[in-house]
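1. No sequence on hand, only this structure:
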């Protein structure tokens, strides 16, 4: 049997991180295909979350090892996570891609690290470093180019607002997931949040708050049509359950910092899937904007590492190092996006 050396663990961790990132990246294109076939965003999210919850609930309970009382003592955390970090983030993202290209919506959501840094500064008084400010500025310029505002392109303001809502949901996810004082195993928090989110969706639908429109119409992609149940099954099993599990395993092998950098591949994968499955091809100026957004996120993370190294008391927690918004890292210490 091959020994579990550091190199082996890193190699396996890298593979798992890539599987997770690519799995999450597929969600936008699959969901857009369903919506083009007549599905409402809420219906697509509800089934995705419900299927993932069914897949993860048993291992989530087993991870407690009999400490079931922890579910009661952390009920509020699970509820907030389920409503904001899971249900809210995913609904806003799917609403955004119903009006915007998948890549654009995903990149706007990827500005969540900047939002978390701002939250930590305003609420906890943790002033960002110079590199963080620089990274935020680079990302802002990238967003302007991504939306092609200077080129006179028509901007769907409602779609952008939905994408920003997804960004807030993703930022909420990272704030909650960084707090490990609850003692909940990551997979338990993920399963609990997914279950709570699924229940919330179906209750909202039952009272008429969310339009749950589903059809059995075949879903059309660039290569042809597939039965409706195939993208639904892939959304729940691959882009949620598999993505969460592999993301957790990757983070434990690579460490949160390296795993979060690998998670940036979700954006490239998301753009690629949107091109292959939906024929959504960004313009050159938008590609430049995408590179600036990703570059800005990287600089923000480097800036927060600089602050951490300069803080002798260690008061600034890992949150500012671990923040990268992907339905992938939402899995790491589950507490999620697209």
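-> Noted; the coordinates are in hand. Being a predicted model, the structure only gives us computed values, none of them experimental.

2. those strands in the stretch 51-200 of the chain, which residues are they?
-> Counting by DSSP state E, counting those that start in this stretch, the stretch 51-200 of the chain has no strands at all.

3. pLDDT weak spots in it?
-> Low-confidence segments of the stretch 51-200 of the chain (pLDDT under 70): 112-113, 116, 120, 148-154, 174, 177-180.

4. how much space between the closest residue to residue 272 other than its chain neighbours and residue 273?
-> Nearest residue to residue 272, sequence neighbours excluded (CB to CB, 6 or more residues apart in numbering): residue 25, at 7.8 Å. To be clear about C-beta, it is placed using only N, CA and C from the backbone, and glycine gets the same treatment. Residue 25 sits at a distance of 6 Å from residue 273 (criterion: CB to CB, to the nearest Å).

5. Surely residue 89 and residue 173 touch.
-> Yes - counting by CB atoms under 8 Å, residue 89 touches residue 173, with 6.3 Å between them.

6. For residue 225, grab phi and psi.
-> Per-residue torsions, residue 225: phi -110, psi 150 (degrees, to the nearest 10).

7. Hmm, I typed the wrong one, I wanted residue 127.
-> Dihedral angles for residue 127 - degrees, to the nearest 10 - are phi -70, psi 130.

8. Residue 25 and residue 273: which is more packed in?
-> Neighbours were counted for residue 25 and for residue 273 using other CB atoms under 10 Å; residue 25 has more, 28 against 21.

9. ok, now which ones touch the closest residue to residue 184 other than its chain neighbours?
-> Spatially, and ignoring its direct neighbours in sequence, residue 184 is nearest to residue 74 (5.5 Å; CB to CB, 6+ apart). By CB atoms under 8 Å, 6 or more residues apart in numbering, residue 74 lies in contact with 182-184, 189, 192.

10. Got phi/psi on residue 74?
-> phi -110, psi 20.

11. likewise residue 224?
-> Main-chain torsions, residue 224, degrees, to the nearest 10: phi 140, psi -160.

12. Quick one: buried ones out of the contacts of residue 74?
-> Buried subset of those (neighbour count, 16 or more other CB atoms under 10 Å): 182, 184, 189, 192.

13. Give me the nearest residue to the first one, chain neighbours excluded.
-> So that's residue 182. residue 74 (4.7 Å).

14. sorry, back to before: what is the nearest of the buried ones among the contacts of residue 74 to residue 266?
-> Of all the buried ones among the contacts of residue 74, residue 266 sits closest to residue 189, with 20.7 Å by CB to CB.

15. Surely the closest one and residue 173 touch.
-> No - between residue 189 and residue 173 there is no contact under CB under 8 Å: 10.5 Å.

16. any idea how far the nearest residue to residue 55 once chain neighbours are set aside is from residue 35?
-> Closest residue in space to residue 55, ignoring its immediate chain neighbours: residue 241 at 3.8 Å, by CB to CB, 6+ apart. To residue 35, residue 241 is 21 Å away according to CB to CB.

17. Which of those two has more residues huddled nearby?
-> residue 241 (24 against 20).

18. Contact partners for that one?
-> By CB under 8 Å, 6+ apart, the neighbours of residue 241 are 51-52, 55-56.

19. Swap in 6 Å and give it another go.
-> Residues near residue 241 by CB atoms under 6 Å, 6 or more residues apart in numbering: 52, 55-56.

20. what do you get for residue 47?
-> Contacts for residue 47 (CB under 6 Å, 6+ apart) come out as residue 232.

21. any idea how far it lies from residue 35?
-> According to CB to CB, residue 47 stands 13 Å off from residue 35.

22. Around residue 127, how many other residues sit close by?
-> The burial count for residue 127: 12, using other CB under 10 Å.

23. ah, wrong one, I meant residue 171
-> 25.

24. Residue 64 now?
-> Residue 64: 16 neighbours (other CB under 10 Å).

25. The closest residue in space to it that isn't next to it in sequence - how many residues pack around it?
-> The shortest distance from residue 64 to any non-neighbouring residue, by CB to CB, 6+ apart, is to residue 188 (5.8 Å). Neighbour count of residue 188, defined by other CB under 10 Å: 25.
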